[in-house]
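>>> Would you be able to build a 3D model of this:
(2 chains)
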Protein chains: 2
Amino acid sequence: MYLSEMSKDELISFREENVKLYDDFRAQGLCLNMARGNPCKEQLELSVDMLRVFDDGEFLSKDGSDVRNYGLLDGITEAKKFFSDMIGVGEDEIIIFGNSSLNAMFFAVQTAFNKGVLGSKPWSEYEKVKFLCPVPGYDWHFKVTEYFGVEMINIPMTADGPDMDMIEKLVAEDETIKGIWCVPQYSNPDGIVYSDETVKRFAALKPKAEDFRIFWDNAYCIHHLTDSPKYILNILEEAKRCGNENIVYIFGSTSKITFPGAGVAVMGGSKENIDSLRKYLGISIISYDKMNQFRHVKYFGTFENMLKHMDKHRDIIAPKFKVVSDTLAAELAPYGIGDWSDPKGGYFVSFNAPEGCAKKIVKMCAEAGVTLTGAGATFPYGIDPEDKNIRLAPTYPPIEDLKKAMSLFTICVKIAAADKLLEA
Amino acid sequence: MYLSEMSKDELISFREENVKLYDDFRAQGLCLNMARGNPCKEQLELSVDMLRVFDDGEFLSKDGSDVRNYGLLDGITEAKKFFSDMIGVGEDEIIIFGNSSLNAMFFAVQTAFNKGVLGSKPWSEYEKVKFLCPVPGYDWHFKVTEYFGVEMINIPMTADGPDMDMIEKLVAEDETIKGIWCVPQYSNPDGIVYSDETVKRFAALKPKAEDFRIFWDNAYCIHHLTDSPKYILNILEEAKRCGNENIVYIFGSTSKITFPGAGVAVMGGSKENIDSLRKYLGISIISYDKMNQFRHVKYFGTFENMLKHMDKHRDIIAPKFKVVSDTLAAELAPYGIGDWSDPKGGYFVSFNAPEGCAKKIVKMCAEAGVTLTGAGATFPYGIDPEDKNIRLAPTYPPIEDLKKAMSLFTICVKIAAADKLLEA
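Numbering: from 1, shown residues only, chains lettered A, B, ... in the order given. Have a look, this model is predicted:
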């Protein structure tokens, strides 16, 4: 029976039953963390052989440089080749960074503030700079723009990606809108794959601001949970077709392919964009860790091998996503409480509680020993206007722990939902 | 006979003789690079065993974290312990960065521009911000402040470090002077070790600007060329004694201890400074490469072992410094041309040609196949007001190549010096 159809007495008894279950959980003294999209230990083990690639004593890259020494600001030749395949750009359209794509994004925003974009006025000289933020989204994107004092405008998501009608209208009107944060393949947290039409419309955007950039964070480009993945269109190719190739900055990394703490991050874009950014990058660093670049290239050899490697990740984490969807389906669907995503890749399940319940649910879980991503984190400034979205990150806990955590989670959702109806 | 004592005919014949030698060199088609302080291949080989430290399959740091995963923004516990010994700060007074101390310095300057220093007005809100720059100095320091539009003021060096009278006077008067670049142990390029009095006076500085910071780049803190090294005083301890502990940011790295491209960089300072910077750092990165931190700590174990490791570097590079000083002494001293440093550590020899000759000498060397650091590079904006300083970097070339390069160099110096006298 749907909760909304229950009588007050039925609701009270439903609530009491679940409070009892909740108290039992509290008594267990759990300590589980589902806050971040951390790979689990078994996933980390997958890439350990990569640490032996230098046993051959070979440190010379194709360009004749010893990867142990200084030099090659934007990466070794073979890394440019390898990772340009991953993010769909040319070998002269890429910079290889350190271990953090977030750091590359911060660099791109910071450079725009300090020096402008391809000769435009530095963003720091504007009274106000605005960014469009499809919501729910990735909290760290929002933190970067908040750091720079950017005004962030929420853009609703649809099943095909962000609301393109709204985006097209806004960027055409307002010269102070300078960018948009996008996770186009398996969006964080909804797991939405941008449709071909969405990508084409992004590629063809005609913003009033010539220095507007799409921050295309393709963090989950090969992180599939099915064997028939839907790939997004190549946005740089589409943009070139529209004579609009400077509009997009593309980011990616191996954080969730090899090691989150010690992967390789990359940024791609038109040659003009990359040439300009490389110049500024060279002020702040001599070169990134080329040994780690070479380690990755030597280990995988080809992009195809890296795709095969991702199948091993999938074998480990797909069952965890199934625990989440099974538990939600079994425990909440019969009562008609909440709705949630069914991602085909990426690292998250997006859960929408009844309005006004997200903070309460996250707090209750925390008090029973399960840490979730903070409610509100998926929105700019940490403010979810409806207080309903909760990001679930199933990859890190062992499967038995995950089952417990999801049981607890659904109990908390049930209590919060019942409370809301009882208070109404 | 000193060149200055030669008759015109003697000068002409001296010049012709050296032009002949120069032409012989040109005919050889040399291709040697002494531009940067790059370690040589033998030095890179010293640390290769570090790449095997994970053969034991142990990835847990003392804090219970898997170094392969996300987290620990400011570094793993054992890296903080290990590197705090290296730069002379406490374990809660350090941030472990990626592979580049330059990047850490850029971060510190950038944060001051964006957010101010411990609550002060952001530097970006000043019409003009100034830095003091002891000269000759490190070109990349100057590039960072130039990037931010900082006005750089040359400060002369003495045998004890920068001219402290001038520094004390300037910082006391001018609130827009916000910082100074220092390489206190084996300054780049002079190889000067700051005297105890100099360090004490820095520690006791009372600048008009409360957000003034000393950028203490201790890049060569254990990079000795003798077995009785003179260590600088610990500036943070001295500053604490004066109740002035917030005045200094300390930087260091293993770039010239392990691998230039894949070392570990660190920043230290008062807890208040570090706590503030850590907060902002967390916007731009989740964590640096903790595997590489752990790699270093596991490999060396103790700071004392790292010191022993430095002896091996010294065995390789001290003979190269000897080639430089022997050649200069044999070829130039008898003619009274130029003067040069006799460094007891670090990576450079600083050579002063007769005024107005540096650019010419560097150009002549380049045309004969030997690349030196650009003349002027050791000064802000690349402008050496007397056009005389040339930075020699002896570590990279094999010793036989270095001998050739130094022969060529002295020939070019002789020709330029003779030209100058002939033109007078």
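>>> looking only at pLDDT, what's the mean for the longest helix along chain A?
The longest helix of chain A (DSSP state H) is helix A:303-331. Taken as a whole, helix A:303-331 carries a mean pLDDT of 98.
>>> just checking, next helix/strand downstream of it?
Going down the chain from helix A:303-331, the next helix or strand is strand A:339-340, by DSSP states H and E.
>>> Give the pairing partners of that following strand; include direction for each.
strand A:349-352 (antiparallel) (DSSP bridges).
>>> Can you pull out the residues in contact with the strand it pairs with?
A:136, A:189-191, A:321, A:324-325, A:328, A:338-343, A:378, A:388-392, A:394, A:413 (C-beta atoms under 8 Å, 6 or more residues apart in numbering or on different chains). The way it works is simple: take the backbone N, C-alpha and C, and place the C-beta from them, glycine included.
>>> in chain A, which helix or strand is least confident?
Across the helices and strands of chain A, the lowest-confidence element by mean pLDDT, DSSP states H and E is strand A:32-34, at a mean of 91.
>>> how about that strand: buried residues?
Within strand A:32-34, the residues that count as buried by 16 or more other C-beta atoms under 10 Å in any protein chain shown are A:L32, A:M34.
>>> For it, enumerate the helices and strands it packs against.
strand A:370-372, helix A:399-423 (3 or more C-beta pairs under 8 Å, 6 or more residues apart in numbering or on different chains; DSSP states H and E).
>>> so does the shortest one get close to chain B?
No - judged by C-beta under 8 Å from any C-beta of the partner chain, strand A:370-372 and chain B are separated, with a smallest distance of 13.0 Å.
>>> Name the strands paired with the next helix or strand along the chain from that strand and say parallel or antiparallel.
Note on strand A:370-372: by DSSP H and E, the next helix or strand toward the C-terminus is strand A:389-392. When pairing is defined by DSSP bridges, strand A:389-392 lines up against strand A:349-352 (antiparallel).
>>> pLDDT of the partner strand, averaged?
98.
>>> Report all helices and strands that the next helix-or-strand element following that strand contacts.
The helix or strand immediately downstream of strand A:349-352 is helix A:358-367, counting by DSSP H and E. When contacts are defined as 3+ C-beta pairs under 8 Å, 6+ apart, helix A:358-367 sits against strand A:370-372, strand A:389-392, helix A:399-423.
>>> if you compare these, which one is most tucked away?
strand A:389-392 (a mean of 26; mean count of other C-beta atoms under 10 Å in any protein chain shown).
>>> where along chain A do the helices fall?
A:8-28, A:41-45, A:77-87, A:101-115, A:139-147, A:164-173, A:196-203, A:235-241, A:271-284, A:290-300, A:303-331, A:358-367, A:399-423.
>>> on that earlier part again, how about TSV for the helices and strands packed on strand A:32-34, with distance to A:E5 and mean pLDDT added?
Output for these, formatted as TSV (distance: least, C-beta to C-beta, whole Å; pLDDT from 0 to 100):
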stretch	distance to A:E5	mean pLDDT
strand A:370-372	28	97
helix A:399-423	10	97
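>>> what about A:K130, distance to B:D174?
Separation of A:K130 from B:D174 (C-beta to C-beta, to the nearest Å): 37 Å.
>>> what does the stretch 1-150 of chain A have sitting close to chain B?
A:36, A:38-39, A:41, A:44, A:48, A:51-52, A:54-55, A:57, A:59, A:66-71, A:98-100, A:102-103, A:106-107, A:110, A:114, A:124, A:140, A:143-144, A:147-148.
>>> Any figure for the gap between the residue of the stretch 301-424 of chain A found nearest chain B and A:T371?
Relative to chain B, the nearest point of the stretch 301-424 of chain A is A:Y396 (8.5 Å; C-beta to the nearest C-beta). According to C-beta to C-beta, A:Y396 stands 10 Å off from A:T371.
>>> Return every residue with contacts to both of these two.
A:N33, A:M34.
>>> how about the longest strand belonging to chain A against chain B, any contact?
Across chain A, the strand with the greatest residue count (assigned by DSSP state E) is strand A:151-158. No - judged by C-beta under 8 Å from any C-beta, strand A:151-158 stays clear of chain B, getting no closer than 14.3 Å.
>>> Would you mark the buried spots in that strand?
Applying 16+ other C-beta under 10 Å to strand A:151-158 flags A:M152, A:I153, A:N154, A:I155, A:M157, A:T158 as buried.
>>> rewinding a little: A:K130 and B:D174: who's more crowded?
A:K130 (21 against 16; other C-beta atoms under 10 Å in any protein chain shown).
>>> and stretch A:71-91, C-alpha only, in PDB?
C-alpha atoms of stretch A:71-91 as PDB (Å, rounded to 0.1, in the frame of the first residue of the first chain):
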ATOM      1  CA  GLY A  71      60.800  19.100 -19.200                       C
ATOM      2  CA  LEU A  72      57.900  18.400 -21.500                       C
ATOM      3  CA  LEU A  73      55.400  20.700 -19.800                       C
ATOM      4  CA  ASP A  74      52.300  19.300 -21.600                       C
ATOM      5  CA  GLY A  75      53.200  15.700 -21.400                       C
ATOM      6  CA  ILE A  76      55.200  13.000 -23.200                       C
ATOM      7  CA  THR A  77      54.400  12.200 -26.800                       C
ATOM      8  CA  GLU A  78      53.000   8.700 -26.100                       C
ATOM      9  CA  ALA A  79      50.700  10.000 -23.300                       C
ATOM     10  CA  LYS A  80      49.300  12.600 -25.700                       C
ATOM     11  CA  LYS A  81      48.600  10.000 -28.200                       C
ATOM     12  CA  PHE A  82      47.100   7.600 -25.700                       C
ATOM     13  CA  PHE A  83      44.800  10.000 -23.800                       C
ATOM     14  CA  SER A  84      43.700  11.900 -26.900                       C
ATOM     15  CA  ASP A  85      42.000   8.600 -27.900                       C
ATOM     16  CA  MET A  86      40.300   8.600 -24.500                       C
ATOM     17  CA  ILE A  87      38.800  12.100 -24.600                       C
ATOM     18  CA  GLY A  88      38.300  12.300 -28.400                       C
ATOM     19  CA  VAL A  89      40.800  15.100 -29.400                       C
ATOM     20  CA  GLY A  90      43.900  15.300 -31.500                       C
ATOM     21  CA  GLU A  91      47.400  14.900 -30.200                       C
END
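>>> A:K298 and A:K290: what is the separation?
From A:K298 to A:K290 the distance is 12 Å (C-beta to C-beta).
>>> which of these two has more neighbours?
A:K290 (29 against 17).
>>> Would you check that the more buried one makes contact with A:D63?
No - between A:K290 and A:D63 there is no contact, the gap being 10.2 Å when judged by C-beta atoms under 8 Å.
>>> shared neighbours of the two, anything?
A:L72, A:I76.
>>> on that earlier part again, now which of the contacts of strand A:349-352 would you call buried?
For the contacts of strand A:349-352, buried by 16+ other C-beta under 10 Å: A:136, A:189-191, A:321, A:324-325, A:328, A:338, A:340-341, A:343, A:378, A:388-392, A:394, A:413.
>>> show me the contacts for the residue of the stretch 51-200 of chain A found nearest chain B.
Residue of the stretch 51-200 of chain A nearest chain B, by C-beta to the nearest C-beta: A:F106 (3.8 Å). A:F106 sits next to A:V144, B:I283, B:S284, B:I285 when contact means C-beta under 8 Å, 6+ apart.
>>> The same query, at a cut-off of 6 Å, please.
By C-beta atoms under 6 Å, 6 or more residues apart in numbering or on different chains, the residues touching A:F106 are A:V144, B:S284.
>>> same thing with A:L307?
Residues in contact with A:L307 (C-beta under 6 Å, 6+ apart) are A:I222.
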